[in-house]
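K.L.:
the sequence isn't on hand, but the structure is:
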């Protein structure tokens with residue numbers, strides 16, 4: 001970009017329009033050539049961004065989040081009376097948006113107006129109460145608990161668990177507030193998945209991976225794990241902390257010739273925490289729990 005277009009883009013928050021480029025001295029053919037070569041990335045509404053100043057080693061998911069933030073700000077300026085919603089709102093709240101499609105910016109229109117669906121922009125039509133709207137960095141955004149529930153309704157149960165766990169872990173919402181949104185919007189399409197996600201949510205899950213593993217374990221009928229448990233030896237000395245602790249009874253199958261089933265108490269710790277030098281990392285054991 002030339003200096004004039006750099007100033008225009010900076011004033012808009014990092015993006016510029018086709019008329020901006022023309023006013024800065026570029027022709028239509030030059031705009032098209034820069035898009036084809038990857039120098040500029042086209043968003044929507046004939047708006048563009050120049051990514052060449054971004055970190056060259058930026059992971060793809062972080063670049064997708066960066067582009068989505070820019071797209072939200074650009075589209076909000078063009079659309080008028082809308083509120084950022086769904087996964088776009090979840091992202092702006094700082095929630096983990098694993099599994100959510102970030103190819104389009106999501107909004108909910110205030111007052112009357114039609115919904116809109118395009119490749120880069122989705123405008124939903126839904127009633128919004130005053131207590132369901134907050135302001136974040138100059139943008140009107142659906143409240144965190146509503147963003148979690150509406151995103152779960154339009155994506156999947158697993159995405160909903162990741163979002164709800166994140167909201168609880170970060171202190172951005174509470175279980176009661178999440179449940180209140182479920183009750184208020186009980187007629188939303190897809191609500192059963194959102195309700196189940198809210199009921200399953202646990203703020204002690206410390207990452208997307210832990211949230212997804214809890215879902216996987218539940219799907220396969222494993223016992224409900226204890227989360228973030230400190231392990232101590234018989235003398236009470238701290239050994240380590242595990243993400244998951246499964247306790248139960250390991251049942252042996254009887255032999256074909258007959259015989260009784262025997263139950264053996266067992267425990268399995270799963271985690272990536274630092275352990276003292278006991279040689280028991282990743283081994284099944286009978287732990288002494290720190291109650």
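P.N.:
Nice, thanks for sending it over. Worth saying up front: this structure is predicted, and the values here are computed from it rather than measured.

K.L.:
could you use CA atoms for every contact and neighbour count after this?
P.N.:
Will do.

K.L.:
what residues are up against residue 84?
P.N.:
72, 76, 106, 107, 108, 139, 140, 141, 142 (C-alpha atoms under 8 Å, 6 or more residues apart in numbering).

K.L.:
hmm, try it at 10 Å
P.N.:
72-73, 75-76, 90, 92, 105-109, 123-124, 133-136, 139-143, 147 (C-alpha atoms under 10 Å, 6 or more residues apart in numbering).

K.L.:
likewise for residue 127?
P.N.:
108, 109, 110, 111, 112, 185.

K.L.:
which of the residues you listed are buried?
P.N.:
Buried members of the contacts of residue 127, counted by 16 or more other C-alpha atoms under 10 Å: 108, 109, 110.

K.L.:
would you list those residues in a markdown table and tack on pLDDT?
P.N.:
Below are the buried ones among the contacts of residue 127 laid out as a markdown table (pLDDT from 0 to 100):
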| residue | pLDDT |
| --- | --- |
| 108 | 96 |
| 109 | 92 |
| 110 | 84 |
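
K.L.:
dump those to TSV, plus secondary structure.
P.N.:
Output for the buried ones among the contacts of residue 127, formatted as TSV (DSSP: H, G, I helix; E, B strand; the rest coil):
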residue	secondary structure
108	strand
109	strand
110	coil
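
K.L.:
the longest strand in this structure is where?
P.N.:
Counting residues, the longest strand found in the chain (DSSP state E) is strand 238-251.

K.L.:
which of the contacts of residue 84 fall in helices?
P.N.:
Filtering these for membership in helices, criterion DSSP state H, returns 72, 73, 75, 76, 90, 92, 147.

K.L.:
return the member of these nearest to residue 28.
P.N.:
residue 75 (21.8 Å; C-alpha to C-alpha).

K.L.:
wait, what's in contact with the closest one?
P.N.:
43, 44, 45, 47, 82, 84, 105, 106, 107, 120, 121.

K.L.:
likewise for residue 131?
P.N.:
142, 143.

K.L.:
tell me the SS of it?
P.N.:
Applying three-state DSSP: residue 131 is helix.

K.L.:
show me the two of the contacts of residue 127 that sit farthest apart.
P.N.:
112 and 185 (19.1 Å).

K.L.:
thinking again about what came up before, pull up the pairing partners for the longest strand of the chain, direction included.
P.N.:
Here strand 238-251 has these sheet partners by DSSP bridges: strand 226-232 (antiparallel), strand 263-270 (antiparallel).

K.L.:
rank these by pLDDT, which is bottom?
P.N.:
Of all these, mean pLDDT reaches its minimum on strand 263-270 (a mean of 54).

K.L.:
in stretch 232-246, what's buried?
P.N.:
232, 238, 239, 240, 241, 242, 243, 244, 245, 246.

K.L.:
let me redo that: stretch 33-48
P.N.:
35, 40, 41, 42, 43, 44, 47, 48.

K.L.:
need the residue closest to the centroid of this protein.
P.N.:
Among the residues of the chain, the one closest to the centroid is residue 97, at 2.1 Å (C-alpha atoms, centre = their mean).

K.L.:
distance of that residue from residue 237?
P.N.:
39 Å (C-alpha to C-alpha, to the nearest Å).

K.L.:
about what we covered before: make JSON lines from the buried residues of stretch 232-246 and add distance to residue 8 to it.
P.N.:
Formatted as JSON lines, these follow (distance: C-alpha to C-alpha, whole Å):
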{"residue": "232", "distance to residue 8": "60"}
{"residue": "238", "distance to residue 8": "58"}
{"residue": "239", "distance to residue 8": "57"}
{"residue": "240", "distance to residue 8": "54"}
{"residue": "241", "distance to residue 8": "51"}
{"residue": "242", "distance to residue 8": "51"}
{"residue": "243", "distance to residue 8": "48"}
{"residue": "244", "distance to residue 8": "51"}
{"residue": "245", "distance to residue 8": "55"}
{"residue": "246", "distance to residue 8": "57"}
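
K.L.:
for these, work out which two are farthest apart.
P.N.:
Longest span within the buried residues of stretch 232-246, C-alpha to C-alpha: 238 and 246, 18.7 Å.

K.L.:
quick one: contacts for the residue lying closest to residue 101 once chain neighbours are set aside?
P.N.:
Nearest-residue entry for residue 101: residue 87, 7.8 Å, with adjacent residues in sequence omitted and distances by C-alpha to C-alpha, 6 or more residues apart in numbering. By C-alpha under 10 Å, 6+ apart, the contact list for residue 87 reads 93, 95-102, 104-107, 147-152, 154-155, 163.
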